Structures are given as structure tokens and as C-alpha cells.
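>>> Sequence first, then the predicted structure, then my questions.
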Amino acid sequence: MVEISVVYRGELRCEASHGPSGSVVSTDAPVDNQGKGESFSPTDLVATALGTCMLTIMGIVARRHDLDLEGTTVTVVKEMVNEPVRRIGRLPVTIRLPENVTDDQRKLLERAALTCPVHKSLHPDIEIPVDLS
């Protein structure tokens, strides 16, 4: 169990503290939703969580199989929809692996990415296409 404490700082900004480490993350509402967009929005953090979770699980599997993933990149594009309510509609993910990764290793890493807890926790109405190369 991890406790995260959130304080509203006014002007549509919040500050979240991670209980175990004391790390702090600030959020701001996006410009298209009455904010200034000067920090991650809450939905930006969902996209961030997806990308970092996928890469972390890939890293765990890579470590287990003695693969070096250093330099691997993940890009997540957050696409909002307004109907029937404002929500995340799509989170296309692009994963770029080092050139020395074999086809079998690539398949192993893709399976790992798709089993990350954030991916498994997101609502099935959110489209999450993954391009891994």
C-alpha cells in the first residue's frame, strides 16, 4: 500500500506527495480546460504512468533475460474526447528498442509491456495502440 497526499493550491493547481519517498508532483489544468498548462495535468499523468509502467515492466523482463534496454524510448500521445463526457479517448504508444534486440526478444518485451499494471487498469474504452520497433 502506498499513500499519496494531495493538496489543492488554488488556480486549478494541485500538489501530490508520495508517502514513502516524500517526492512531490505538481499538476495544473490544461489550457483547453480552464488552466494555464504550466505543469502536467492529471490526465497527462495517466499517459505518463502508462509509458513509465510499460518501460519498467520491460526492464524487469530484460533484467531477467540479461538484455540491455538502455536508450529505449517510449512516447505516449494523450488524445482527449468530449463525448459522451470529457475523458481520455486514445493513448497511442510508440516504443523504440535498441537495434541489437532480436525478433524473439522484441516479442518477449512487447508481451511484457502489455501486461503492465497501468495498461491492465485502464478502461477498455480507451484505445491503446502500441507500435514497438
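Great, that's in hand.
>>> Glu15 and Thr27, how far apart?
In this view, Glu15 and Thr27 are 8 Å apart by C-beta to C-beta, to the nearest Å. All C-beta atoms are positioned from the backbone trio N, CA, C, and that covers glycine.
>>> name the helices or strands packed onto the helix ranked longest in the chain?
Counting residues, the longest helix found in the chain (DSSP state H) is helix 42-64. Secondary-structure packing of helix 42-64 (3 or more C-beta pairs under 8 Å, 6 or more residues apart in numbering; DSSP states H and E): strand 24-28, strand 73-76, strand 87-90, strand 93-96, helix 103-114, helix 117-121.
>>> What are the buried residues along the last one?
Looking back up the chat, that one is helix 117-121. Buried residues in helix 117-121, defined by neighbour count with 16 or more other C-beta atoms under 10 Å: 118-119.
>>> what's the answer for the second one, then?
Residues of strand 73-76 classed as buried by neighbour count (16+ other C-beta under 10 Å): 74, 76.
>>> Also the longest one?
Residues of helix 103-114 classed as buried: 105, 108-110, 112-113 (neighbour count, 16+ other C-beta under 10 Å).
>>> ditto for stretch 16-29
For stretch 16-29, a neighbour-count test (16+ other C-beta under 10 Å) marks 27-29 as buried.
>>> cool, stretch 94-104 as well?
Of the residues in stretch 94-104, those buried (16+ other C-beta under 10 Å) are 95, 97, 101.
>>> Model confidence score at the last one, please.
At Val101, the pLDDT value in this model is 93.
>>> what's it in contact with, if anything?
Contact partners of Val101, counting by C-beta atoms under 8 Å, 6 or more residues apart in numbering, are 67, 109.
>>> And for the second one?
By C-beta under 8 Å, 6+ apart, the contact set of Leu97 is 69, 72, 106, 109, 132-133.
>>> okay, these in JSON lines with pLDDT and distance to Ile88 next?
Formatted as JSON lines, the contacts of Leu97 follow (pLDDT from 0 to 100; distance: C-beta to C-beta, whole Å):
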{"residue": "Leu69", "pLDDT": "94", "distance to Ile88": "27"}
{"residue": "Thr72", "pLDDT": "96", "distance to Ile88": "24"}
{"residue": "Arg106", "pLDDT": "95", "distance to Ile88": "27"}
{"residue": "Leu109", "pLDDT": "96", "distance to Ile88": "24"}
{"residue": "Leu132", "pLDDT": "92", "distance to Ile88": "21"}
{"residue": "Ser133", "pLDDT": "86", "distance to Ile88": "24"}
